[in-house]
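# got a predicted model here, sequence first, then my questions.
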Amino acid sequence: MKDPRIEELAKNLVGYSVDVQPGENILVEMIGSERELVTCIVNEIAKRGGRPFVQLTDRSVLRSLLLNATKEQMETWKEYDLLRMQNMQGYIGIRAGENANELADVPKDKMALYESIYSHPVLMEERVKRTKWVVLRYPNASMAQLANTSTEAFEDFYFNVCNLDYSKMDTAMDALKNLMDRTDKVRLVGPGTDLSFSIKNIGSVKCSGQRNIPDGEVYTAPVRDSVNGTLSYNTPSIYNGFTFENVKFRFENGKIVEATSNDTDRLNEILDSDEGARHIGEFAIGVNPYILHPMKDILFDEKIAGSIHFTPGQAYDTADNGNRSSIHWDLVLIQRPEYGGGEMYFDDVLVRKDGRFVIPELECLNPEHLK
């Protein structure tokens with residue numbers, strides 16, 4: 001018997017997030033071994049008159065590909081997947097890998113080749129700019145381990161998060177979006193953090209289930225050269241299979257001029273990938289009421305209630321400060337009391353303290369109002 005929560009998730013992905021229309025080509029890509037959700041999604045697409053296409057990938061196979069990849073092979077791989085995406089009107093990407101560190105021992109030169117060729121912005125931009133898309137994780141024992149819970153408890157948490165009423169959240173986000181669109185100066189204060197920057201005339205975007213599941217953020221970008229001060233992130237982050245902790249940046253006129261972590265050399269190698277990697281492409285505020293603690297999975301961690309993420313690398317076209325890079329690394333700072341607290345100011349007005357919005361028009365985004 002199928003889990004009704006899986007069927008509900010499939011309906012939400014196809015009907016709400018991607019809004020499949022008759023005759024549209026929809027690529028369903030699964031990285032992992034889960035099949036039940038893929039089957040439900042294929043059936044839902046067909047019910048709405050869409051044409052489903054499926055790509056199944058295993059991370060251990062991807063590791064072998066990367067270990068043996070040549071530049072010529074990578075170029076062909078990119079061209080192949082780009083051509084496929086150019087024939088799609090929608091994309092549903094599901095990530096359910098059993099080992100988050102599967103790529104940890106891929107040599108640096110191979111990962112650099114992968115990022116510079118296959119992960120080039122042209123591929124992401126083809127999907128992001130031209131198709132209707134949504135990306136999600138799917139629960140398994142590995143994710144439960146990262147979250148320090150049993151598998152059953154994590155599945156219950158997952159479906160609470162992913163089957164949230166995102167249309168209600170979408171309406172509640174209007175006030176924050178409107179305020180961010182009017183704001184010039186932002187200041188973040190907390191332990192090891194005192195950061196100022198401008199978001200004037202960049203614009204902001206609501207994320208309420210149409211692009212990511214789980215969802216729950218409003219994002220913009222800082223004016224590229226306006227960032228000054230220090231920022232100490234307090235959540236671990238996996239990048240290229242390595243878990244970074246205690247990441248701290250110091251900014252001068254928009255550029256990361258000092259970066260430290262539990263592996264400072266490895267961190268700076270990433271930031272030296274290209275000129276844009278030391279500038280910020282995104283500033284976002286997390287509001288998902290069910291996501292409270294980091295689990296080393298960015299699709300969840302960046303939505304944590306009472307958090308922000310401040311992202312080195314590529315800016316989104318929808319809130320563009322002009323920064324271009326081969327990386328886009330969402331690093332998260334939680335400002336709730338159990339993580340050290342902190343304040344967020346818009347144009348010198350306190351708008352959030354210790355993770356809770358404190359001005360009346362934004363109180364609708366506090367957790368008790370979104371569940």
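Good, I have the coordinates.
# mind giving me the packing neighbours of the longest helix belonging to the chain?
Longest helix in the chain by number of residues (criterion: DSSP state H): helix 71-86. Using 3 or more Cβ pairs under 8 Å, 6 or more residues apart in numbering; DSSP states H and E as the contact definition, the elements that helix 71-86 packs against are helix 121-130. Glycine gets a C-beta too; all of them are placed from N, C-alpha and C.
# got a list of contacts for the helix it packs on?
78, 81-82, 85-86, 91, 133, 314, 316-317, 324-326, 328 (Cβ atoms under 8 Å, 6 or more residues apart in numbering).
# and the residues you listed, which two are furthest apart?
Using Cβ to Cβ, the contacts of helix 121-130 span at most 23.2 Å, a distance reached by 86 and 325.
# of these two, which one has the most company?
Neighbours of residue 86 and residue 325, each counted by other Cβ atoms under 10 Å, are more numerous for residue 325; the result is 21 against 11.
# show me what contacts that one?
With Cβ under 8 Å, 6+ apart as the criterion, the residues that contact residue 325 are 121, 273, 274, 275, 276, 277, 279, 281, 312, 313, 314.
# excluding chain neighbours, give the residue nearest to residue 363 in space.
Across the structure, with Cβ to Cβ, 6 or more residues apart in numbering as the measure, the residue nearest residue 363 apart from its sequence neighbours is residue 357 (5.6 Å).
# just residue 349 next, same as before
Closest residue to residue 349 apart from its sequence neighbours, by Cβ to Cβ, 6+ apart: residue 359 at 7.3 Å.
# how about residue 243?
Across the structure, with Cβ to Cβ, 6+ apart as the measure, the residue nearest residue 243 apart from its sequence neighbours is residue 236 (5.2 Å).
# residue 244 is in contact with that neighbour, correct?
Yes. With contact defined as Cβ atoms under 8 Å, residue 236 reaches residue 244; the gap is 6.7 Å.
# neighbour count: the two, which is higher?
Under the neighbour definition other Cβ under 10 Å, residue 236 and residue 244 were set side by side, and residue 244 has more, 22 against 19.
# what sits against the more buried one?
For residue 244, the contacting residues are 236, 237, 238, 261, 262, 263, 266, 267, taking Cβ under 8 Å, 6+ apart as the criterion.
# element containing the spatially most central residue of the chain, please.
Among the residues of the chain, residue 299 comes closest to the average C-alpha position under Cα atoms, centre = their mean, at 4.6 Å. Assigning secondary structure by DSSP states H and E places residue 299 in helix 298-301.
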